[in-house]
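A.B. asks: coords please:
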Amino acid sequence: MFCFQCEQTRRSKGCSTQVGACGKEADVSDLQDLLIHQLKGLAQYRKRLAALGQTDAKADSFIAFGLFTTLTNVNFDRNRFLPLIAEAAATRDRLRAAYEQAARSAGRAIETPRGAAQFAPAATLSGLLMQAKSLGVREGVEKLGEDVIGLRALLLYGVKGVAAYAHHAEDLGQTREAVAAGIAQALDVLAGEEADLGVLLEEALALGKTNFAAMEALDAANTGTYGHPIPTKVRITPVAGKAILVSGHDFRDLVSILEATKGTGVNVYTHGEMLPAHGYPKLAAYPHLVGNYGSAWQNQAQEFSDFPGPIVMTSNCLIEPDPDYSDRIFTSGPVGWPGIRHIDNGDFSAAIKVALASPGFAATAPEKTVMAGFARNAVLGVADKVIEAVKSGAIKHFFLIGGCDGARPGRNYYTEFAEATPADSMILTLGCGKYRFYDHDFGTVAGLPRLLDLGQCNDSYSALLIAQALAGAFGCGVNELPLSLIVSWFEQKAAAVLLTLLALGVRNVRLGPTLPAFLTPALVDVLVNKFGVLPITDARADVAAAMQLEAAQ
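C.D. replies: Now for the predicted structure:
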């Protein structure tokens, strides 16, 4: 086992023990490495088949889902990976047959890609684990060097993030050939063991553009299905009655639960990254979607223990279930934990049965609310007011403070940063990082709330469109706007978003609380010198630096 894909990796170097910092056991990590190797092989044939004018939607779906299962805090169940490994081999064989037939029909010579495309998984678990020993992310480091391994890791982790967005979009019927092809391209490059740093960097930037298309597809899926978010007060204190808690990111699962609980007397609460659901009109229309309970993912052990009903985890970010609630937590989609009940057919009746048998909340607490729903339509709907406030000097600066939260020390920086922003600035936020300050009273500026919650980490597309629209209105580039991006990263979707920012030419992004372990000093220098990426320092000093940078422009 070796893994350094997330921010909590041990000693900022990598997890190489029997259990990772996330709770993932070594054999699960190794099986994930093996599955990823197979997905590279699928991509080799997928790319060649597409070059002959044919695609395979089922294979594209499997590749995205398979990658999603390997993200941090998603699937910890070795028994779920064994059928995925078998399905990967069968899918590869189908793609190979389709490619060879298409090549013959087109009168083309049949290529036989080497490496991952020819991999044959062992028939036993012990055999698979033996194979996985030579398939880890640092394989070949002695020959290739740390810089190549680090940049290949950035490409791999970025493509995992893209796959997660693509899977969520596909769940709601939105797919893009450009996204599937971009995922396959990145995996094909990794399968070919590319070692040229310049080529790898260009591929990473190309993947950033692919991620922009994936986020566009997800935005179209969410808004096309549930309507464009509108500013909404969200209750964060409980209501008396039976209750079920829905965490993760998957709105389709949330709707299935809302439909199944209609008329049952069970109230539905969101948790973590599901908070933005309340801003979507078609989701808010369910009267028993009563509020949001708890905060960011890293606090779930205490929050889930205290919740008086079942919990459904629909995507990342799962941590090891505590015995206090392990008999009333369920997983769905790509998520899994050994011994925890999994729902893979959209039938949440078992969870609802637990809700009806659980005590629920005995009393209604005094109402407290936060605001959600400030996605791009809501913000751009008052763009003229915002633009006039900037021109008049009422709004001096915009700070986008968002991304993933986590348990590692140093994340209070984001609270301190938000509190240090001047009263004539506006704070935009998204992702679970907002829980550091989402219930603080920042007041108003130019008649608008100073704090605008743009949604999930999945809603980075909204933030980018808002920035582009403001730049267009002022006749300047995004980098000339009075805008600072303060990004907290944790896992692989954040890596994908960072690549998108770099691909779009966005500079001066502050990244923290620590820089990724897979980025060597030389690679960090590239990000700093070529793209203006900055590590976080002291919150007040960084606020001052942002204002000085604006004054200098």
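
A.B. asks: quick one: buried residues of the longest helix anywhere in the chain?
C.D. replies: Longest helix in the chain, counting residues (DSSP state H): helix 197-226. Residues of helix 197-226 classed as buried by neighbour count (16 or more other Cβ atoms under 10 Å): 197, 200-201, 203-208, 210-223, 225-226. Where C-beta positions appear, they are placed from N, C-alpha and C, glycine not excepted.

A.B. asks: what do you get for stretch 475-487?
C.D. replies: Val478, Leu481, Pro482, Leu483, Ser484, Leu485, Ile486, Val487.

A.B. asks: Same check on stretch 18-25?
C.D. replies: Within stretch 18-25, the residues scored as buried using 16+ other Cβ under 10 Å are Gly20, Ala21, Cys22, Lys24, Glu25.

A.B. asks: Most widely separated two among those residues?
C.D. replies: Distance extremes for the buried residues of stretch 18-25: the farthest pair is Ala21 and Glu25 at 12.2 Å, using Cβ to Cβ.

A.B. asks: so what does the longest helix of the chain touch, helix or strand wise?
C.D. replies: Identification of packing neighbours for helix 197-226 by 3 or more Cβ pairs under 8 Å, 6 or more residues apart in numbering; DSSP states H and E yields helix 146-171, helix 177-191, helix 251-260, helix 281-284, helix 460-474, helix 492-503.

A.B. asks: Can you list the low-confidence ranges for the chain?
C.D. replies: Scanning the chain for pLDDT under 70 picks out 550-553.

A.B. asks: Against the centre of it, work out the most remote residue.
C.D. replies: Using Cα atoms, centre = their mean, the residue of the chain lying farthest from its centre is Gly107. It sits 42.5 Å away.

A.B. asks: helix, strand or coil for the closest residue to Ser12 other than its chain neighbours?
C.D. replies: Of all residues not flanking Ser12 in the chain, Ala517 sits nearest, at 5.2 Å (Cβ to Cβ, 6 or more residues apart in numbering). Three-state call for Ala517 (DSSP: H, G, I helix; E, B strand; the rest coil): coil.

A.B. asks: And for Thr55?
C.D. replies: For Thr55, the assignment made with three-state DSSP gives coil.

A.B. asks: what comes up buried for stretch 422-429?
C.D. replies: For stretch 422-429, burial by neighbour count (16+ other Cβ under 10 Å) applies to Ser425, Met426, Ile427, Leu428, Thr429.

A.B. asks: Pick the one among these closest to Lys391.
C.D. replies: Lowest distance from Lys391 to those (Cβ to Cβ) belongs to Met426, with 14.3 Å.

A.B. asks: in terms of contact, does the closest one touch Val445 like I think?
C.D. replies: Yes - judged on Cβ atoms under 8 Å, Met426 makes contact with Val445 at a distance of 5.8 Å.

A.B. asks: Contacts only, for the most centrally placed residue in the chain.
C.D. replies: Centre of the chain computed as the mean C-alpha position; nearest residue by Cα atoms, centre = their mean is Lys493, 3.5 Å away. If a contact means Cβ atoms under 8 Å, 6 or more residues apart in numbering, then Lys493 has Leu71, Lys160, Gly161, Ala164, Tyr165, Cys404, Cys457, Asn458 as its contacts.

A.B. asks: Ok, Gly272 next?
C.D. replies: Shown in contact with Gly272 (Cβ under 8 Å, 6+ apart): Ser247, Gly248, Gly294, Ser295, Ala296, Trp297, Gln300, Cys317, Cys432.

A.B. asks: Of all pairs in these, which one is the farthest apart?
C.D. replies: Farthest apart among those by Cβ to Cβ are Gly248 and Ser295. That separation is 14.3 Å.

A.B. asks: Between the two, tell me which one has more neighbours.
C.D. replies: Neighbour count, other Cβ atoms under 10 Å: between Gly248 and Ser295, Gly248 has more, with 27 against 21.

A.B. asks: can I assume that one is in contact with Glu273?
C.D. replies: Yes - taking contacts as Cβ under 8 Å, Gly248 lies within contact range of Glu273: 6.7 Å.

A.B. asks: so Ala394 touches Pro422, yeah?
C.D. replies: No - counting by Cβ under 8 Å, Ala394 stays clear of Pro422, with 11.9 Å between them.

A.B. asks: Give me the residues contacting the helix or strand containing Val528.
C.D. replies: Using DSSP states H and E, Val528 sits in helix 521-531. Helix 521-531 has contacts (Cβ under 8 Å, 6+ apart) with Asp147, Gly150, Leu151, Leu154, Leu201, Leu502, Arg507, Val509, Leu515, Leu519, Val533, Leu534.

A.B. asks: need the strands for the stretch 301-450 of the chain, in chain order.
C.D. replies: Secondary structure of the stretch 301-450 of the chain, counting by DSSP state E, counting those that start in this stretch: strands at 311-313, 329-332, 341-343, 369-372, 397-403, 425-429, 444-445, 448-449.

A.B. asks: Go through those strands and pick out the most buried.
C.D. replies: strand 311-313 (a mean of 29; mean count of other Cβ atoms under 10 Å).

A.B. asks: Now the two most distant members of the contacts of helix 521-531.
C.D. replies: The distance between the two most remote of these (Cβ to Cβ) is 22.3 Å, for Asp147 and Arg507.

A.B. asks: re earlier: JSON lines for the buried residues of stretch 422-429, including distance to Leu35?
C.D. replies: Listed next are those as JSON lines, based on distance: Cβ to Cβ, whole Å:
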{"residue": "Ser425", "distance to Leu35": "45"}
{"residue": "Met426", "distance to Leu35": "43"}
{"residue": "Ile427", "distance to Leu35": "40"}
{"residue": "Leu428", "distance to Leu35": "37"}
{"residue": "Thr429", "distance to Leu35": "34"}
